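Trainee: give me the fold of what follows.
(2 chains)
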Amino acid sequence: EAQVTQNPRYLITVTGKKLTVTCSQNMNHEYMSWYRQDPGLGLRQIYYSMNVEVTDKGDVPEGYKVSRKEKRNFPLILESPSPNQTSLYFCASSLMGTEYKTRTGELFFGEGSRLTVL
Amino acid sequence: RKEVEQDPGPFNVPEGATVAFNCTYSNSASQSFFWYRQDCRKEPKLLMSVYSSGNEDGRFTAQLNRASQYISLLIRDSKLSDSATYLCVVNMANFGNEKLTFGTGTRLTIIP
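Mentor: Below is the predicted model of the structure:
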């Protein structure tokens, strides 16, 4: 089954304790992205990756890091989480990428990771 | 001005009615447009793409007005299962800098 898998789905942590949210997709998509969703603000892009070893900042990258060492995985790292990073996080993947003809605009989302930083 | 703006609602509509949402975008260079649906506490899923000539998928019709920079979604004969948040999404495709921008969503509740 084609899917994007995020872990953990729910996490409560404390300020300053490093954490990683994993994301894996099995659709061989080039493009992957992380979003956070907050009430009244909608989905905001944190980082995105057009391909392996190619990552770039989205709209709200501060306090986050990512890596793309393999095509299927795109982990989100919070080196020193703070309470303002409490949010619902979504990983997504798409055929969008270097192959213009294959761009469809359809993002496939993971089920979300609800993070609370105390 | 926000890049993509939607009326947040909520829209409370009786079952069987027709409902329409609009979404405006600020960047005239935007090249592709979509409507996504998000159920409560779930991930967004693509509902339909929006083409320049307008397109229909069953009870759903999407239209694009480039001159006025807005897209619309029309739902006919609404069902209880249509209750969700509808997200307007705009893609300003720019080689090497692909990015989808999401509106904050319009919340729809279909009332029995």
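
Trainee: quick one: pLDDT of the nearest residue to A:T55 once chain neighbours are set aside?
Mentor: Nearest residue to A:T55, sequence neighbours excluded (Cβ to Cβ, 6 or more residues apart in numbering or on different chains): A:S49, at 4.6 Å. Every C-beta, even on glycine, is put in place using the N, C-alpha and C of the backbone. Note on A:S49: pLDDT of 92.

Trainee: so who does A:S49 touch?
Mentor: Neighbour list for A:S49: A:31-33, A:55-56, A:66, A:68, A:74 [criterion: Cβ atoms under 8 Å, 6 or more residues apart in numbering or on different chains].

Trainee: in chain A, which residue is most central in space?
Mentor: The centre of chain A sits closest to A:W34, judged by Cα atoms, centre = their mean, with a distance of 2.4 Å.

Trainee: check which helices and strands the one helix or strand it maps to is in contact with.
Mentor: Here A:W34 sits within strand A:31-38, counting by DSSP states H and E. Applying 3 or more Cβ pairs under 8 Å, 6 or more residues apart in numbering or on different chains; DSSP states H and E, we find strand A:31-38 packed against strand A:19-25, strand A:42-51, strand A:87-94.

Trainee: ok now the second one, how far from the chain's centre?
Mentor: I take that to be strand A:42-51. Taking Cα atoms, centre = their mean, to the nearest Å, one finds the center of strand A:42-51 at 7 Å from the center of the full chain.

Trainee: what pairs with it, parallel or antiparallel?
Mentor: With DSSP bridges as the test, strand A:42-51 is paired with strand A:31-38 (antiparallel), strand A:54-57 (antiparallel).

Trainee: in the first one, what's buried?
Mentor: Burial within strand A:31-38, assessed by neighbour count using 16 or more other Cβ atoms under 10 Å in any protein chain shown, is assigned to A:31-37.

Trainee: go on, stretch B:49-69?
Mentor: Counting neighbours by 16+ other Cβ under 10 Å, stretch B:49-69 gives B:49-50, B:60-64 as buried.

Trainee: wait, the residue nearest to the centre of chain A touches A:T55, no?
Mentor: No: counting by Cβ atoms under 8 Å, A:W34 sits too far from A:T55 to count as a contact (10.0 Å).

Trainee: stretch A:9-25: end-to-end distance?
Mentor: 15 Å (Cα to Cα, to the nearest Å).

Trainee: stretch A:24-42: how far from the chain's middle?
Mentor: 5 Å.

Trainee: ugh, wrong one, stretch B:32-40
Mentor: 6 Å.

Trainee: cool, stretch B:8-22 as well?
Mentor: Distance, centroid of stretch B:8-22 to centroid of chain: 12 Å (Cα atoms, centre = their mean).

Trainee: mind exporting it as CSV, just the C-alpha atoms?
Mentor: Extracted C-alpha coordinates of stretch B:8-22, given in CSV (Å, rounded to 0.1, in the frame of the first residue of the first chain):
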residue,chain,number,x,y,z
PRO,B,8,-12.6,30.3,7.5
GLY,B,9,-16.3,29.8,8.0
PRO,B,10,-17.8,27.8,9.6
PHE,B,11,-20.4,27.2,6.9
ASN,B,12,-23.4,25.3,8.3
VAL,B,13,-25.4,24.0,5.4
PRO,B,14,-28.5,21.7,5.3
GLU,B,15,-28.1,18.4,3.6
GLY,B,16,-29.0,18.6,-0.1
ALA,B,17,-28.1,22.2,-0.5
THR,B,18,-25.5,23.7,-2.8
VAL,B,19,-22.5,25.5,-1.2
ALA,B,20,-19.7,27.4,-2.8
PHE,B,21,-16.3,28.6,-1.5
ASN,B,22,-13.9,31.1,-2.9
